[in-house]
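Visitor: here's my sequence, what's the structure:
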Amino acid sequence: MRRWLLLLPLVLFLVLAVFLYRGLFLDPQSLPSALIGKPFPAFQLPAVQGGGMLSRDAFLGRPALVNVWGTWCVACRDEHPVLNTLKAQGVVIYGVNYKDDNAAAQKWLAQFHDPYQLNVADADGSLGVDLGVYGAPETFLIDAKGVVRFKHVGVIDQQVWREQLAGRYQQLLDEAGQ
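Guide: The predicted structure is shown next:
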């Protein structure tokens with residue numbers, strides 16, 4: 001019995017080492033989302049610009065990217081020019097301004113241009129919680145019925161658009177007959 005107790009720390013260390021070693025090969029950009037295949041969460045939040053309230057219904061009718069962003073997010077600044085380019089190419093993008101000051105968001109959009117068809121002010125982060133957001137930027141691809149089809153964590157650059165999102169977006173457009 002005493003020998004077993006002496007080996008117990010070694011066995012526990014080896015088990016822990018195996019789990020940590022496995023983690024070295026996981027993709028940190030690949031965070032699973034429980035929302036894939038489910039409707040975008042219901043919400044009733046103010047618009048960043050123009051006043052009025054927006055709800056999930058405003059996101060229905062055509063496939064779109066839903067981009068979670070904030071003025072406090074350094075990576076969002078890197079992503080923003082790509083989103084403006086995508087908008088110019090006809091890609092529908094909705095924004096969720098996450099845990100941010102609305103005046104700062106309006107100033108940001110005036111300075112760096114507004115790539116969003118609609119932009120929700122999620123000041124308290126309630127929609128972000130429902131989406132399972134870890135931080136910004138995060139982008140969801142939704143179909144015309146508002147079902148979440150894909151989630152990307154991190155900056156969308158031209159390579160991410162080309163390799164991960166463009167084909168999926170086109171497929172959703174084709175399915176919707178658009």
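
Visitor: so where is this structure shaky, pLDDT-wise?
Guide: 1-2, 4-5, 12, 16-17, 19, 23, 25-33 (pLDDT under 70).

Visitor: contact partners for the residue lying closest to residue 60 once chain neighbours are set aside?
Guide: Excluding its sequence neighbours, the residue lying closest to residue 60 (Cβ to Cβ, 6 or more residues apart in numbering) is residue 146, at 4.8 Å. From N, CA and C alone the C-beta is placed, and that goes for glycine too. Residue 146 makes contacts with 39, 40, 56, 59, 60, as judged by Cβ atoms under 8 Å, 6 or more residues apart in numbering.

Visitor: closest to residue 105 among these?
Guide: Within the contacts of residue 146, the smallest distance to residue 105 is 18.3 Å, found for residue 59 (Cβ to Cβ).

Visitor: how far away is that closest one from residue 131?
Guide: Taking Cβ to Cβ, to the nearest Å as the criterion, residue 59 is separated from residue 131 by 12 Å.

Visitor: with adjacent residues omitted, what lies nearest to residue 79?
Guide: residue 155 (4.5 Å).

Visitor: number of residues surrounding the one you found?
Guide: 19 (other Cβ atoms under 10 Å).

Visitor: what helix or strand does it sit in?
Guide: Using DSSP states H and E, residue 155 maps to neither a helix nor a strand.

Visitor: equivalent analysis for the one 5 residues further on, please.
Guide: Taking DSSP H and E as the definition, one finds residue 160 inside helix 158-160.

Visitor: and the next helix or strand past that helix?
Guide: Using DSSP H and E, the helix or strand that follows helix 158-160 in sequence is helix 166-176.

Visitor: please save the CA atoms from that next one in CSV.
Guide: Written as CSV, here are the backbone C-alpha positions of helix 166-176 (Å, rounded to 0.1, in the frame of the first residue of the first chain):
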residue,chain,number,x,y,z
ALA,A,166,-16.6,33.6,-48.7
GLY,A,167,-17.6,30.1,-49.8
ARG,A,168,-20.0,29.7,-46.9
TYR,A,169,-21.6,33.1,-47.5
GLN,A,170,-22.0,32.4,-51.2
GLN,A,171,-23.6,29.0,-50.4
LEU,A,172,-26.1,30.8,-48.1
LEU,A,173,-26.9,33.3,-50.8
ASP,A,174,-27.5,30.5,-53.3
GLU,A,175,-29.8,28.7,-50.8
ALA,A,176,-31.7,31.9,-50.3
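
Visitor: list the buried ones in it?
Guide: Within helix 166-176, the residues scored as buried using 16 or more other Cβ atoms under 10 Å are 169, 172, 173.

Visitor: how about the nearest residue to the last one, chain neighbours excluded?
Guide: To tie it back to what came earlier, the one meant is residue 173. In space, residue 173 is closest to residue 63, 5.6 Å off (Cβ to Cβ, 6+ apart).
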